[in-house]
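Q: Next one to model:
(chains A and B)
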Amino acid sequence: KAGVTQTPRYLIKTRGQQVTLSCSPISGHRSVSWYQQTPGQGLQFLFEYFSETQRNKGNFPGRFSGRQFSNSRSEMNVSTLELGDSALYLCASSVPGQGGTEAFFGQGTRLTVV
Amino acid sequence: GENVEQHPSTLSVQEGDSAVIKCTYSDSASNYFPWYKQELGKGPQLIIDIRSNVGEKKDQRIAVTLNKTAKHFSLHITETQPEDSAVYFCAAFNPDSGGYQKVTFGTGTKLQVIP
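A: Alright, predicted model coming up:
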């Protein structure tokens, strides 16, 4: 069974640009969550999607958005990039149902904003 | 909102010794507590979890204990091996008003097992 796949693995962007990251969950997993990981703030929850609907959101500005497609693949978008957005962005997928179930993480996308 | 504190931030042990990492949480409604291991260049991997209706769970060399009254849970690794070296994160899931769950992670513990 293939794991969670995130693309691209590495990305360098300039301040003010926007970026789109992609996450393909494990087959059969309909819940996808996104996290930002930085040395200073640790792992922080961004949002969760289930059946193409955002059902949970962390404390991030509106520049961070996401969506989920009918095949459960998810994308997150960050607009007007700031230097502080440099981080490892992780997505995790889990089986259907309300949270609190085993989540499988991808390897992440390392975003560097210059 | 939920607040999760994790200690220590770094831990060095000799191979074969035990390692203990502790987390405390603030919201008594939290009901699911997973532990993740993150190796360099990889995403976190679930190693063990515990739900609020259980006090202890063990899986080979790894165990987790939960004290709901004190609102803390701990990861215990016995007979540590060099491959246990990694960053470990605890997390707490608590239900929100919509019935879904939000997750808060601890700040991580860098474990180094010295051969």
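Q: What part of chain B, helix or strand, is modelled with the least confidence?
A: In chain B, the helix or strand scored least confidently by mean pLDDT, DSSP states H and E is strand B:101-105, which has a mean of 83.
Q: give me phi/psi at the residue lying closest to A:P8 once chain neighbours are set aside?
A: With sequence-adjacent residues excluded and distances taken as C-beta to C-beta, 6 or more residues apart in numbering or on different chains, A:P8 is closest to A:T109, at 6.1 Å. In this view, the C-beta of every residue, glycine as well, is placed from N, C-alpha and C. Main-chain dihedrals, A:T109, degrees, to the nearest 10: phi -120, psi 120.
Q: Give the buried residues for the next helix or strand after the least confident helix or strand of chain B.
A: Where DSSP states H and E defines the elements, the next helix or strand beyond strand B:101-105 is strand B:109-114. For strand B:109-114, a neighbour-count test (16 or more other C-beta atoms under 10 Å in any protein chain shown) marks B:109, B:111, B:113 as buried.
Q: Same question for stretch A:34-53.
A: Buried residues in stretch A:34-53, defined by neighbour count with 16+ other C-beta under 10 Å: A:34-37, A:42-50.
Q: circling back: how much space separates the residue nearest to A:P8 from A:Y89?
A: 5 Å (C-beta to C-beta, to the nearest Å).
Q: Let me know whether stretch A:78-97 sits next to chain B.
A: Yes. Under the criterion of C-beta under 8 Å from any C-beta of the partner chain, chain B is reached by stretch A:78-97 at A:90, A:92.
Q: ok, residues contacting the least confident helix or strand of chain B?
A: Under the criterion C-beta atoms under 8 Å, 6 or more residues apart in numbering or on different chains, residues A:33, A:35, A:42-45, A:56, A:58, A:98-100, B:1-4, B:25, B:32, B:89-96 lie in contact with strand B:101-105.
Q: Just give me the longest strand of chain B.
A: In terms of residue count, the longest strand belonging to chain B (DSSP state E) is strand B:86-95.
Q: same for the host helix or strand of B:I21, what does it pack against?
A: Per DSSP H and E: B:I21 is located in strand B:19-25. Applying 3 or more C-beta pairs under 8 Å, 6 or more residues apart in numbering or on different chains; DSSP states H and E, one finds that strand B:19-25 makes contact with strand B:4-7, strand B:10-14, strand B:72-77, strand B:86-95, strand B:109-114.
Q: Chain A is nearest to which of those strands?
A: strand B:86-95 (4.3 Å; C-beta to the nearest C-beta).
Q: just wondering, since we're on the residue nearest to B:S74 when sequence neighbours are not counted, how far is it from B:W35?
A: Excluding its sequence neighbours, the residue lying closest to B:S74 (C-beta to C-beta, 6+ apart) is B:K22, at 4.7 Å. Distance, B:K22 to B:W35, by C-beta to C-beta: 11 Å.
Q: got any residues that touch both of these two?
A: Common neighbours of B:K22 and B:W35, counting by C-beta under 8 Å, 6+ apart, are B:L75.
Q: Among these two, which residue is more densely surrounded?
A: Higher neighbour count among B:K22 and B:W35: B:W35, with 24 against 17, using other C-beta atoms under 10 Å in any protein chain shown.
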